[in-house]
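# Only the shape, not the letters, is given here:
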């Protein structure tokens, strides 16, 4: 059985069913995480395992807030590889994390649309 991208039951428990909070968090997260991925790529390019570890750790915490365990595990893997200083293996791990983040972003956007539809809120256009 494949693990879901987001454990929705856990997410709803985590935010106490607050749809307004979720509607605020998702756009902020989707706006911010690409910079962390870009910083990871820069850390790989410059051979900086410390910066890579910090970015992976920050992203791991963010995706954990959404109960997004496949992305969480991918970020944890990058963090561990960076902590070991094994930049040769980090490139593939970052690519996997980027794939998981694309999947998570799509799932979050769908969840946001579903939530707004259920609550009757009008979806705001994104920039």
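Alright, I've got the coordinates. What you see is a predicted model; the values in this text were computed from it and never measured. Numbering: from 1, shown residues only.
# contacts, neighbours, all on C-alpha from now
OK.
# Regarding this structure, what is its longest helix?
Longest helix of the chain, by residue count under DSSP state H: helix 87-119.
# Now do the same contact list for the most centrally placed residue in the chain.
Centroid check for the chain by Cα atoms, centre = their mean gives residue 63 as the closest residue, at 4.0 Å. For residue 63, the contacting residues are 69, 71-72, by Cα atoms under 8 Å, 6 or more residues apart in numbering.
# Kindly indicate which of the residues you listed lies nearest residue 100.
residue 71 (5.2 Å; Cα to Cα).
# how far does the longest helix of the chain sit from the chain's center?
In this view, helix 87-119 has its centroid 6 Å away from the chain centroid, taken as Cα atoms, centre = their mean, to the nearest Å.
# now for the helix or strand bottoming out on mean pLDDT in the chain, which elements pack on it?
Lowest on mean pLDDT, DSSP states H and E among the helices and strands of the chain sits helix 87-119, with a mean of 92. When contacts are defined as 3 or more Cα pairs under 8 Å, 6 or more residues apart in numbering; DSSP states H and E, helix 87-119 packs onto helix 19-46, helix 69-83.
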